[in-house]
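Trainee: Fold the following for me, if possible:
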Amino acid sequence: GGRNSGGGNHKNLLIFDETHEHKKGTDPNGDHGNDETDEKRKQQEKDDHAKRLEVQLGEMEGTLWTKLADYHTRAGEFELARSIYEEALEQVSRVRDFSLLFDAYMKFEESVIEALMQDMNDDDDDDDMNDEEDVPMEKEPEDDLDILLGETENHGTDADVELALARAEHLTARRP
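Mentor: Purely as a prediction, here's the structure:
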């Protein structure tokens with residue numbers, strides 16, 4: 001019995017030695033073949049890792065894309081957020097992820113429209129107040145509207161609202 005188990009251990013040592021030699025770069029075929037083999041092995045390991053990661057995160061793919069776009073929205077980077085939503089809609093393969101992304105994208109566009117329209121109404125009200133009082137207005141504290149519109153002096157115009165509406169209509173027309 002002891003003799004067979006010793007033989008089994010010997011085989012394991014040989015396999016370990018062959019693996020160890022391969023990692024050290026002592027390929028009997030020469031150094032040129034080893035560099036190429038190492039490169040292929042490294043690429044295969046990267047591909048395997050990417051596949052494992054995709055399987056592990058696959059269930060969360062739509063959520064991760066949505067969170068990334070939301071981060072850029074909160075940072076005031078609306079064009080980048082739109083680009084992320086667009087790329088995500090092209091990349092996802094699950095219906096659930098597509099629906100999640102599409103709904104989040106639609107809410108984003110609706111929020112932009114609402115913020116632009118609110119900003120236009122506020123500007124109209126502010127202009128009316130300034131005409132009556134002829135006193136410079138104080139700036140109001142930041143609110144969610146500023147987050148959606150960014151901190152620019154160029155407030156929403158009719159053209160901005162029309163563009164936002166056109167984007168939302170185009171997005172709605174693309175829903176399968």
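
Trainee: tell me which element the nearest residue to residue 92 once chain neighbours are set aside is part of?
Mentor: In space, and not counting its chain neighbours, residue 92 is closest to residue 98: 5.3 Å by Cβ to Cβ, 6 or more residues apart in numbering. Backbone N, C-alpha and C define where each C-beta goes, glycine included. Using DSSP states H and E, the element containing residue 98 is helix 95-133.

Trainee: other SSEs contacting that helix?
Mentor: Where contact means 3 or more Cβ pairs under 8 Å, 6 or more residues apart in numbering; DSSP states H and E, helix 95-133 is packed against helix 61-74, helix 78-91, helix 144-149, helix 158-174.

Trainee: okay, those in a markdown table with mean neighbour count next?
Mentor: A markdown table is the format used below for these (neighbours: other Cβ atoms under 10 Å):
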| stretch | mean neighbour count |
| --- | --- |
| helix 61-74 | 17 |
| helix 78-91 | 16 |
| helix 144-149 | 16 |
| helix 158-174 | 13 |
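
Trainee: Now render those as CSV, adding distance to residue 110.
Mentor: Listed next are those as CSV, based on distance: least, Cβ to Cβ, whole Å:
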stretch, distance to residue 110
helix 61-74, 12
helix 78-91, 13
helix 144-149, 11
helix 158-174, 7
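
Trainee: Can you add distance to residue 105 and mean pLDDT and give those back as TSV?
Mentor: Below are those laid out as TSV (distance: least, Cβ to Cβ, whole Å; pLDDT from 0 to 100):
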stretch	distance to residue 105	mean pLDDT
helix 61-74	8	95
helix 78-91	4	94
helix 144-149	15	59
helix 158-174	6	85
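
Trainee: So for residue 104, which of those sits nearest?
Mentor: helix 61-74 (4.6 Å; Cβ to Cβ).

Trainee: Give me every residue in contact with the closest one, excluding its own residues.
Mentor: Here helix 61-74 makes contact (Cβ atoms under 8 Å, 6 or more residues apart in numbering) with 57, 78, 80-81, 84-85, 87-88, 91-92, 94, 96-101, 104-105, 108, 147-148.

Trainee: What's the mean pLDDT across the helix holding residue 98?
Mentor: The average pLDDT within helix 95-133 is 83.

Trainee: For it, list every residue counted as buried.
Mentor: For helix 95-133, a neighbour-count test (16 or more other Cβ atoms under 10 Å) marks 97-98, 100-102, 104-105, 108-109, 111-113, 115-116, 118-120 as buried.

Trainee: Now do that helix and helix 158-174, the angle between them.
Mentor: Inter-element angle recorded for helix 95-133 and helix 158-174: 160 degrees (by axes from the mean of the first three to the mean of the last three Cα atoms, to 10 degrees).
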